[in-house]
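Colleague: here is the input, now give the coordinates:
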Amino acid sequence: MNISPIFSVIIPVYQGKDFLAKCVDRIKNQTFKNVEIILVDDGSTDGSADICDKIARKNDNVIVIHKKNGGVSSARNVGIKVSTGKWIIFVDSDDAVSKVMCENFFNYIIQNNSYDFVACNFASEKDKLLKHSTNNKVIWYLNDYKKNISLINHMLLSDYNNLPKKFKKSFGSNIILNSPCAKAYKREFLIKNNVRFQKNIKYAEDLLFNIEVLMNKAKGVYVDAPVYFYRLNLNSATKKAYVPGILENYVLFKKVAKKLVTRNNLPMLENSIDAYCAKSALWVLPADVFCKNNSIKKSMRRFYQITNSEDFSELLNWTILKKLKNVFTRKLNYKCRLVLKKNFLILFFWYRILKKE
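Modeller: Residues are numbered from 1 along each chain as shown. Have a look, this model is predicted:
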C-alpha cells in the first residue's frame, strides 16, 4: 500500500479454516477502504496457514505472519508490533463484521482527535449471525479519569455485586466492554503506554487489556452501532464444563492486576479485583465439582481437593470475604461462607438439587 492505512485489522488465526475466508472477505468489502489486514497464523495445522498465504497473494493490503503457537494474546501482540495503521481493530477469525464497521469508527474518530479508542456494539446468537439496525446513539463519553475508574469497577463487579441499576445502565453490558473486539484503539496510545495482552494469562486476558487501557487515562466514546457479529462456539475452551489450570490463571490475573493498581496508584480498585477473582474461583464449583455427571462421592472428593488447594485459598479466604462483605450481594456472601466452612452437603443441594448458580 502506498498510502499509510488508517486502520490495521489484526486477525489471530489458529485452526480457523472454516470461517477464515469469510471473515477476511467482510473486511475486504468494507465501505471504508484505507485498511490493512494482518493475519497472524499462530501455528495452525488444519490448513489455515495455506489459506492465509493464498489470501495475501491476491490482496496487496494483506500481511501474513507465521509464528509458533503461543496463544491469542501473543498473536495479537505480534500484530500490534507489525501494524502500520493509525488505529488498530481486533477481529477473531471465526467472527464477522458489518461492512460499515471501519466507516463507523472513522466517523467518530474525525469528530474528536483526542479519542484513544472508539467502542461500538456487537451481537451474538448460538452459531447464528444476527442482523441489526443501528441508531448510532452515543451511550457515553470518557473524558474524565474518575469515570475511567468507575468503568473499571463496573467491568469487574457489575454482574454480581450491589452496584445501583442506574450505574449499570449508564455503562452497558460487560460482554461488550470487556472484549477488545468491536473497538478501534489508537496505535500511538498503545505503543506509548506499552499496553499489550498478557500472553501468560489464557482467560480474562481481554478484560485485563482493557483495564490497562483505562488505567492509562484513555479517552473514548461508546456508540450503539452493532458492527461486530460474534459467532458463539459451544465447543470452545471457555464454554466447557471445566478448564484445567483455571485457578492458577486467576491467581496470575490477580497478581498482574494488583501490579497495575500499584503502578498507577489506584488503591480504590483493590477490592474490585479481589471480588472478581473470588467470584472466578466460585465458578469452578458448578463447572467441575457439582456438574451433573459426577457422583456424590466424586463431587465430595473434588470439592475438598479444590477448596483446600493453595490457588483457591489465594482467591477466596476469610480475610478477603470480610473485606468484600459490602461488595457482594447477601446471596453471594452466604455462598462464600458455605464454601469456606466446607459445608459440602448444603452446596451439593444448592447446585445439584435446586440447580442454582
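Colleague: what is the burial count for Glu36?
Modeller: 22 (other Cβ atoms under 10 Å). (Each C-beta comes from the backbone N, C-alpha and C, glycine too.)
Colleague: how near is it to Trp318?
Modeller: Glu36 sits at a distance of 53 Å from Trp318 (criterion: Cβ to Cβ, to the nearest Å).
Colleague: ok, Glu188 next?
Modeller: The spacing between Glu188 and Trp318, counted by Cβ to Cβ, is 46 Å.
Colleague: and what of Lys137?
Modeller: 46 Å.
Colleague: count the residues that sit near Pro180.
Modeller: Number of residues near Pro180 (other Cβ under 10 Å) recorded here: 23.
Colleague: Val82 touches Glu36, doesn't it?
Modeller: No. Judged on Cβ atoms under 8 Å, Val82 makes no contact with Glu36 at a distance of 9.6 Å.
Colleague: overlap in contacts, the two.
Modeller: Counting by Cβ atoms under 8 Å, 6 or more residues apart in numbering, the shared contacts of Val82 and Glu36 are Ile63.
Colleague: give me the element the nearest residue to Met268 once chain neighbours are set aside is part of.
Modeller: Leaving out its chain neighbours, the residue that sits closest to Met268 by Cβ to Cβ, 6 or more residues apart in numbering is Ile149, at 6.7 Å. For Ile149, the host element (DSSP states H and E) is helix 145-157.
Colleague: how about Val40?
Modeller: Per DSSP H and E: strand 35-41 holds Val40.
Colleague: and the very next helix or strand once past that strand, what's buried?
Modeller: Using DSSP H and E, the helix or strand that follows strand 35-41 in sequence is helix 48-58. Of the residues in helix 48-58, Ser48, Ala49, Ile51, Cys52, Ile55, Ala56 count as buried by neighbour count, 16 or more other Cβ atoms under 10 Å.
Colleague: check the offset of the helix or strand following helix 48-58 from the chain's centre.
Modeller: As assigned by DSSP H and E, the chain's next helix or strand after helix 48-58 is strand 62-66. From the chain centre to the centre of strand 62-66 is a distance of 24 Å (Cα atoms, centre = their mean, to the nearest Å).
Colleague: how about residues contacting the helix or strand that strand 62-66 is followed by?
Modeller: With elements assigned by DSSP H and E, the helix or strand that comes after strand 62-66 is helix 72-82. Contacting residues not belonging to helix 72-82 are listed as 8, 10-14, 38, 40, 42, 63, 65, 67, 88, 90, 92, 180, 187, 190-191, 196-199, 201-202, 205 [Cβ under 8 Å, 6+ apart].
Colleague: from the chain's centroid, how far away is the helix or strand encompassing Phe106?
Modeller: Using DSSP H and E, Phe106 falls within helix 101-109. Relative to its parent chain, helix 101-109 has a centroid offset of 22 Å by Cα atoms, centre = their mean.
Colleague: which secondary structure elements does it contact?
Modeller: strand 7-13, strand 87-90, strand 117-126, strand 220-232 (3 or more Cβ pairs under 8 Å, 6 or more residues apart in numbering; DSSP states H and E).
Colleague: distance to Glu103 for these - can I get that in CSV?
Modeller: Below are those laid out as CSV (distance: least, Cβ to Cβ, whole Å):
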stretch, distance to Glu103
strand 7-13, 10
strand 87-90, 12
strand 117-126, 11
strand 220-232, 9
